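J.: Got a sequence here, can you model it:
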Amino acid sequence: MIKKYFSVFLSLALILVMLSACSSEKNEKNDHTVITQAVSEIVEDPSGFKLSYTQSDSLNPFYSDTLNNQVVQNLVFESLFVLDESYEPQPMLATSYSYEGKKTLTVTIASGNKFSNGDEITSQEVIYSFNEAKNSPHWQNSLKAISSASAVSDTVIEFKLAYANPNAHRLLTFAIASEKTDKKGYPIGSGRYKFGDGNGTVFLKVNTNKKDFEPRFTKISLINIASEDSIENAINIGNISYTFRDLSSGKNVKIQCNKKAVNLNNLVYIGINCTSGITQNENIRKAISLAADRDAIVKSAFQGYAKSALSVFNSSSALGKQTSVFDKSSDPSAARQAIEQSKIKSKDLKIDILTNSNPSRVAVARMMKQELEAVGFKVTINKEKNSAFKQKVKYKSFNIYIGETKIPNDMNLNSFFTSGGATSSGINLDSSKTAKAYKGYLDSDNEIGSFVLNFTQEMPFIPLAYRQGMICYSKSLHGDMQGYVDNYFSNIQDWYYN
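T.: Reported below is the predicted structural model:
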C-alpha cells in the first residue's frame, strides 16, 4: 500500500513539474495564432445522400432543440472554433486569440469571410450570434461562463468572462449566423451548404461562396423523421445515409450499418455524501474508488461506448492525459487496506447506492454493488424515477449515487465546486481543499497538479467513465469517415458511394 501511494504521489509530482513548464511557456506568449489547411480537390459524384431532420423543430440554430436538427445545422453554420477528437480547439472563422488579464478574451477573425448570401462576416455578426446563443437551448449553459461580447473593430471581438478561465476560448463553438434570412425564410450561415427547397421537400445545396469546397454530394435531401426509434430503423433500411446517436437513453441500439465511436464530454461518476454517514470518511471514499473496475463498467454497462476515466478530466483530452491518476481495473487489496485505515467497524460498512432508471446507470449500480461487496461492504440499490432521484440528490438523501453530467468544452468543473452547482450536492464546499485548489487553478494562483493532488487525497466524487456517442452510416458509403461532436461531417468532401 505504501508503494502504491508513493507511486501516485510521484506521478502527481511529475504532473506538477510538467504543467509548471507548460504554464511558463504560456506566460511567455499569450497570443495564439492559428494556421488553416487547404482542402484537396475532388470529383463530383451526384447521389442520394440523405439526412433526417425534425420538421416540427426550427432550422434556426438558436431556436432548435432537437439533436436531429443540430446535426444538420453543422453543415450550414460555422463557428469561431471547433473541437477535434481530442477536444483541442481548431480554427474555423477565428485566426487568433489572446487573454488580457484573467477575465478578458480577445478573438480575431479574418476579413473577407462571407455568408452564403454574399454578405461579409464582421464582428457585429459574431456579437449578434453570441447574444442569440446565450439564450438558446443548445449553448446557453456553456456560455454562462462568458458575460458579454463587444466589437473592438470589424475583425476583433472582446469577450468579458464571468470568472477567471484560461480555457474560455474552447467555448466559442456556437453557430455564427446572419441576422437576415433568405428569400424563403431559411436562416443563413457560412458553412459548406445552405438550405433550399422544392417540390415540397427541404434539402441542402452547396454554398458556392466556399471556393475550396468541392464535394461529391452537391445536394443532401432532408427526410422528416422525428422519433429516435424511427431514425434507427431508417438508417438500417437505407432511408437515410448517416446519423449521429448520443446514446443518452442507455438502451441498446440495434444498428446494422457501419458504426464509429465518437468521444463525448459526458462524465459518468459516483456522487458521494461527504457530509454524513460512513462516506464522511475520506478513506471510505478512497476504498470505493479503488474497488471500481472502470474497464469492466465500460464494456458491460455501456457496451464499449465509453472510455475509462483515468483522470477527473476527459481521458481523450491532453489535460486528461497529463493528469491521469486512476487505474482502469479494481484493486480489491488496496480497497480493503483503505477500509482498515478508516477505522470503521465491519458491521457499519453499509452503503446505499441511489440511481435513476436509466439502463446504463442501473447496470453501473449493479456492478458497483458486486465490487463493493467483494471488499466487505453491505450494499443495497435504491432505484428511483428521475424526479424522485433528483429530489434525493438535492437534499443529500443518499450515501452514494450514480450520476452523469456534461462537462463544458472548457473542461470546467465549477458545477462540482461552487455553491448551487448542479453536481455539488454532497460535497462540503466550506472545508473542501479540492474546491479551493480548483479555484486557485482557474485564478492562475496554482497549477493543475495541485488540484489533482488534493482531489486524490479528498476524493469528493469518483470519476468512472466518459461516455461516447455513435456515428452510423450506410454500408455503401465509403471514405475515411472522420467526424466528431459538433463537427460531424469534418471531411464530407472525401465521402462517396460505390
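
J.: dump the residue contacts of Ser150.
T.: Ile127, Ile157, Glu158, Lys160 (C-beta atoms under 8 Å, 6 or more residues apart in numbering). To be clear about C-beta, it is placed using only N, CA and C from the backbone, and glycine gets the same treatment.

J.: 7 Å instead, please
T.: Ile127, Glu158 (C-beta atoms under 7 Å, 6 or more residues apart in numbering).

J.: Describe which strands the strand or helix carrying it pairs with in its sheet and in which direction.
T.: In this assignment (DSSP states H and E), Ser150 forms part of strand 146-151. Sheet pairing of strand 146-151 (DSSP bridges) gives strand 156-161 (antiparallel).

J.: Quick check: what element follows the strand it pairs with along the chain?
T.: Per DSSP H and E, the helix or strand that comes after strand 156-161 is strand 193-198.

J.: Which strands and helices lie in contact with that next one?
T.: strand 201-206 (3 or more C-beta pairs under 7 Å, 6 or more residues apart in numbering; DSSP states H and E).

J.: so for the next helix or strand after the strand it packs on, what's the average pLDDT?
T.: Next helix or strand after strand 201-206 toward the C-terminus (DSSP H and E): strand 219-224. Across strand 219-224, pLDDT averages out at 96.

J.: can you check stretch 451-467 too?
T.: The model assigns stretch 451-467 a mean pLDDT of 97.

J.: tell me the contacts of Gln124?
T.: Ala151.

J.: at 8 Å instead, please
T.: Ala151, Asp154.

J.: Would you mind measuring from it to Ala149?
T.: To Ala149, Gln124 is 10 Å away according to C-beta to C-beta, to the nearest Å.

J.: what's the neighbour count on the closest residue to Tyr242 other than its chain neighbours?
T.: Distance criterion C-beta to C-beta, 6 or more residues apart in numbering; nearest residue to Tyr242, sequence neighbours excluded, is Tyr473 at 4.5 Å. Neighbour count of Tyr473, defined by other C-beta atoms under 10 Å: 22.

J.: partner residues bridging Tyr473?
T.: Tyr242, Asn258.

J.: Now do the contacts for it.
T.: By C-beta under 8 Å, 6+ apart, the contact set of Tyr473 is Ile235, Ser241, Tyr242, Thr243, Cys257, Asn258, Lys260, Met481.

J.: Just to check, Thr122 is in contact with Asp154?
T.: Yes - with contacts counted by C-beta atoms under 8 Å, Thr122 reaches Asp154, the gap being 4.5 Å.

J.: Which one of those two is surrounded by more residues?
T.: The neighbour comparison of Thr122 against Asp154 (other C-beta under 10 Å) goes to Thr122, with 16 against 13.

J.: Next one: that one, what pLDDT does it get?
T.: Thr122 is given a pLDDT of 98.

J.: before we move on, what about Tyr484?
T.: For Tyr484, pLDDT reads 88.

J.: Quickly note the distance from it to Tyr473.
T.: Counting by C-beta to C-beta - Tyr484 and Tyr473 are separated by 14 Å.

J.: Pull out the buried residues from stretch 103-110.
T.: Neighbour counts over stretch 103-110 (16 or more other C-beta atoms under 10 Å) mark Lys103, Leu105, Thr106, Val107, Thr108, Ile109 as buried.

J.: Counting only strands, which of the residues you listed make the cut?
T.: Leu105, Thr106, Val107, Thr108, Ile109 (DSSP state E).

J.: what about the nearest residue to the first one once chain neighbours are set aside, neighbour count?
T.: What that stands for is Leu105. Once flanking residues are discounted, Leu105 sits nearest to Phe159: 4.4 Å by C-beta to C-beta, 6+ apart. Neighbourhood size, Phe159 [other C-beta under 10 Å]: 26.
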